[in-house]
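Participant: I would like the atomic coordinates for the input below:
(chains A, B, C and D)
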Number of protein chains: 2
Amino acid sequence: MERNTRQRTAIRDAIAVANRPLLAQEVLDAAQTEVPGMGIATVYRNIKSLVEEAVLQEVRLPGDNPRFEIAGHKHHHHFQCTQCQRVFDVHACPGDMSRLAPKGFTVENHDLTLYGHCKDCAAAAAT
Amino acid sequence: MERNTRQRTAIRDAIAVANRPLLAQEVLDAAQTEVPGMGIATVYRNIKSLVEEAVLQEVRLPGDNPRFEIAGHKHHHHFQCTQCQRVFDVHACPGDMSRLAPKGFTVENHDLTLYGHCKDCAAAAAT
DNA sequence: ATGATAATGATATGGCATTATCAATTAAAA
DNA sequence: TTTTAATTGATAATGCCATATCATTATCAT
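Facilitator: Numbers count the residues shown, from 1 in each chain, chains lettered A, B, ... in the order given. All right, here's what the predicted structure looks like:
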């Protein structure tokens, strides 16, 4: 991946604009508004190289396929809407977790996923 | 699944004794100490019916295949050792998460995974 | 603008977890 | 113990995500 193609740009931009982690298929859907004929293989190829270049980073949620977001964000967590399944960043954190583990265990990191209704779905449900 | 077979008993007992969530393959390995010739299909078949009967419950960790533990535990979280990959229960919880989500989002549930070294691996590393 | 070659799109293939198939076995009712 | 049918074990089939293949297209140094 040494050339700047319309597809590569559309993929990176789609993820940057979404401002939330996207599945490969979501990246394709978003990038196709810019480059209509784009294929899924191109998405996987470019995601892979963009991760290797540390432009993107992978986000794994329990039971889901990998999502990708722009790299470099500081420590944060994720929220998944149980209705639309979309994932959003959560920039708050409960803080130190080392006291939670059993005695003898050392905690080096942690992942937190919140579940509920996103703003859009909560608003729709309230009508 | 209406009959009590040696295999079914061995599978349920293996998960109960382990006292931590096990992968299908880990269940097979553990159950084979009781029923040597057991096949992986039998493990999947019995896990599936035991989950339907609410004897077992599924545990999903980011990026991993499903694990299974005895159902009925109260709210708890999990710890995964970054060395041996085993998963352990964590019975502590940071508490209410509703304030962490962005405005307009409603939090109904949460999953927390701690990463680090388990007691065994931490002790081994200290030598 | 041209040529070398990287990238794309369509699709075949791979990899892996899980499920389906089926003859042989085994539980358990009679 | 005999009988009946559920269960097992071996393995083929499935499903899904991701990668490889390859002819065609597009980038970009010259």
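Participant: residues in contact with A:Ala54?
Facilitator: A:Ala71 (Cβ atoms under 8 Å, 6 or more residues apart in numbering or on different chains). The way it works is simple: take the backbone N, C-alpha and C, and place the C-beta from them, glycine included.
Participant: just say helix, strand or coil for it.
Facilitator: A:Ala54 falls in the coil class when you classify it by DSSP: H, G, I helix; E, B strand; the rest coil.
Participant: and it, how far is that from A:Met1?
Facilitator: 13 Å (Cβ to Cβ, to the nearest Å).
Participant: just A:Lys48 next, same as before
Facilitator: As defined by Cβ to Cβ, A:Lys48 lies at a distance of 9 Å from A:Met1.
Participant: ok, A:Leu50 next?
Facilitator: Relative to A:Met1, A:Leu50 is positioned 8 Å away (criterion: Cβ to Cβ).
Participant: neighbour-wise, which of the two wins?
Facilitator: A:Leu50 (20 against 12; other Cβ atoms under 10 Å in any protein chain shown).
Participant: beta partners of the nearest residue to that one once chain neighbours are set aside?
Facilitator: With Cβ to Cβ, 6 or more residues apart in numbering or on different chains as the measure, A:Leu56 is the residue that lies nearest to A:Leu50, at 4.3 Å, once sequence neighbours are left out. As for beta bridges, A:Leu56 partners with A:Ile70 under DSSP bridges.
Participant: need phi/psi at A:Ile47.
Facilitator: Torsion angles at A:Ile47 (phi, psi; degrees, to the nearest 10) stand at phi -60, psi -50.
Participant: residues contacting it?
Facilitator: Taking Cβ under 8 Å, 6+ apart as the test, what A:Ile47 contacts is A:Ile11, A:Ala24, A:Val27, A:Leu56, A:Phe68.
Participant: out of these, which is nearest to chain B?
Facilitator: Proximity to chain B was ranked across the contacts of A:Ile47 by Cβ to the nearest Cβ; first place goes to A:Phe68, at 13.7 Å.
Participant: what's the burial count for the closest one?
Facilitator: Close neighbours of A:Phe68, defined as other Cβ under 10 Å, add up to 24.
Participant: and the helix or strand bottoming out on mean pLDDT in chain A, what does it pack onto?
Facilitator: Ranking every helix and strand in chain A by mean pLDDT, DSSP states H and E puts helix A:119-125 at the bottom, with a mean of 92. Using 3 or more Cβ pairs under 8 Å, 6 or more residues apart in numbering or on different chains; DSSP states H and E as the contact criterion, helix A:119-125 has no neighbours among helices and strands.
Participant: now it: buried residues?
Facilitator: Going by neighbour count (16 or more other Cβ atoms under 10 Å in any protein chain shown), the buried part of helix A:119-125 is A:Cys121.
Participant: circling back to that earlier point, among the contacts of A:Ile47, which two are most distant?
Facilitator: Greatest spatial distance among the contacts of A:Ile47 (Cβ to Cβ): A:Ala24 and A:Leu56, at 11.4 Å.
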